[in-house]
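Peer 1: Okay, here's the prediction I keep looking at, along with the sequence it came from:
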Amino acid sequence: MNSWTAETNATTSNGTGLAIGFTSSMISVLLFGSNFVPVKQFDTGDGMFFQWILCASIWLVSLVVNIILQCPRFWPLAMVGGCIWATGNITVVPIVKTIGLGLGLLLWASTNLITGWTSSRFGMFGIDPEEVAKPYLNYIGAGLSVLSAVIFLFVESDIKRDAPALESAPLLRDNVINSDSVSSDESWVDKLSPTWRRIIGCSLAVVAGIFYGSCFVPVLYIKDHAKRNESMYTGASQFDLDYVFAHFSGIFLTSTVYFLIYCTVMKNHPKIYPEAILPGFVSGVLWGIGNCCWFLANHYLSAVISFPIIAAGPGFIAAMWGVLVFKEIKGLRNYVILCLAFCIILTGSLCTAFSKL
């Protein structure tokens, strides 16, 4: 184990390791920015069934990876990260319904970046802090990321309420609301005023970003404590991809629990839209591969570098889908704001990345 770790660390320090890390980051950016596109034009009911299909597909990706890696040791704590991610992910459908794919992803990606960077840079939640060669660049990058998140709030998206789109309902609802909604195909989102749609969508996107930015903490915790002789995790693998199966199992288990609770609340009459099954499966495969690449990027670049790149980059891809294909973002004012935000977040990401190089 020690010799393998030493060899891996040596690879990380050379050009090959950096090439693998940055290539993995670029693949993650592309897939995370596009993974919801296959299902965007399909009605997914209230979204809970779509989430379960998505997470089942994600778990199958991890199963393949686990077999390829010859079934490394399963650490249950790594499942907690998957539980955190799945909890944040139940907000995605109403986010896309209220403020659109482009703006929604930009907001939760920015919050994701800030949360992930803070935890890895300062060692929150019991993980070791990441040291950087140029702290001032690191702080500038974090500050620009916060600024970009604020600027994104001024982008106005145009979501057509009569078009087929992703929709969702709260996991738990009171009897009055539930009795009305079961008999109608109209979701709770469709009943909101434009102002409340924007407020709720932006708020949920921030919450989702916080959960997304925290999901790697359990794996980083295991890796850090594996280096300590007195820890129960002593000797655990330093290769991040070895934790993918446990992490993704947490995602699938949590989504299954939420779906069963939802079915109970709906009195065993969940809204299931069969046309969303294949698109949801494809979406899950894209996300699963993208997240596996993120695990690789964490290994070869470290989380303090991979987070600014991967958390910020998908916003550009998603916004291009929103502008060029779905026509959610229109008008010169919005284009100018988007360009400004992209420039700021790109500068912030580069500052954060180069702060350790």
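Peer 2: Everything's here; your move. Residues are numbered from 1 along each chain as shown.
Peer 1: So what does residue 74 look like in phi/psi?
Peer 2: phi -90, psi 120 (degrees, to the nearest 10).
Peer 1: shouldn't residue 115 be in contact with residue 216?
Peer 2: No - using Cβ atoms under 8 Å as the test, residue 115 is too far from residue 216 to be in contact (10.1 Å). Placement of C-beta: from N, CA and C, glycine included.
Peer 1: Just the element for the closest residue to residue 34 other than its chain neighbours, please.
Peer 2: For residue 34, ignoring the flanking residues on the chain, the nearest one in space by Cβ to Cβ, 6 or more residues apart in numbering is residue 317 at 5.9 Å. In the assignment (DSSP states H and E), residue 317 maps to helix 303-324.
Peer 1: Look at the residue nearest to residue 34 and say how many residues are nearby.
Peer 2: 19 (other Cβ atoms under 10 Å).
Peer 1: where in the stretch 151-300 of the chain is pLDDT low?
Peer 2: Where the stretch 151-300 of the chain drops to pLDDT under 70, the residues are 152-153, 155-190.
Peer 1: now the helices for it?
Peer 2: 175-182, 194-214, 217-225, 244-265, 277-301 (DSSP state H, counting those that start in this stretch).
Peer 1: what is the orientation angle of the third one with helix 303-324?
Peer 2: Read it as helix 217-225. Helix 217-225 and helix 303-324 meet at an angle of 160 degrees, taking axes from the mean of the first three to the mean of the last three Cα atoms, to 10 degrees as the criterion.
Peer 1: spatially speaking, which residue is in the middle of the chain?
Peer 2: Residue closest to the average C-alpha location in the chain (Cα atoms, centre = their mean): residue 212, at 5.0 Å.
Peer 1: Next up, the contacts around that one.
Peer 2: 85, 88, 108, 111, 112, 115, 116, 311 (Cβ atoms under 8 Å, 6 or more residues apart in numbering).
Peer 1: Please tell me how far it sits from residue 57.
Peer 2: 18 Å (Cβ to Cβ, to the nearest Å).
Peer 1: One more: residue 260?
Peer 2: 18 Å.
Peer 1: Among those two, which residue is more densely surrounded?
Peer 2: A direct count of neighbours by other Cβ under 10 Å for residue 260 and residue 57 places residue 57 higher, at 20 against 12.
Peer 1: what residues are up against that one?
Peer 2: Here residue 57 is in contact with 280, 281, 282, 283, 284, 285, 288 (Cβ under 8 Å, 6+ apart).
Peer 1: Identify, from the residues you listed, the entry nearest to residue 15.
Peer 2: Nearest to residue 15 among the contacts of residue 57: residue 288, at 28.2 Å, using Cβ to Cβ.
Peer 1: Now that closest one. Nearest residue, chain neighbours left out?
Peer 2: Per Cβ to Cβ, 6+ apart, closest to residue 288 is residue 61, 3.0 Å.
Peer 1: swap in residue 228?
Peer 2: If the residues on either side of it in the chain are set aside, residue 228 comes closest to residue 234, at 6.4 Å by Cβ to Cβ, 6+ apart.
Peer 1: do you know which of the helices of the stretch 151-300 of the chain lies nearest residue 38?
Peer 2: Using Cβ to Cβ, the helices of the stretch 151-300 of the chain put helix 277-301 closest to residue 38, at 4.3 Å.
Peer 1: and that closest one with helix 244-265, angle?
Peer 2: Angle between the axes of helix 277-301 and helix 244-265 is 140 degrees (criterion: the same axes, to 10 degrees).
Peer 1: if we can go back for a sec, filter the contacts of residue 212 down to the ones in helices?
Peer 2: 85, 88, 108, 111, 112, 115, 116, 311 (DSSP state H).
Peer 1: about what we covered before: you'd agree the residue nearest to residue 228 is up against residue 224?
Peer 2: No - using Cβ under 8 Å, residue 234 makes no contact with residue 224, being 11.4 Å away.
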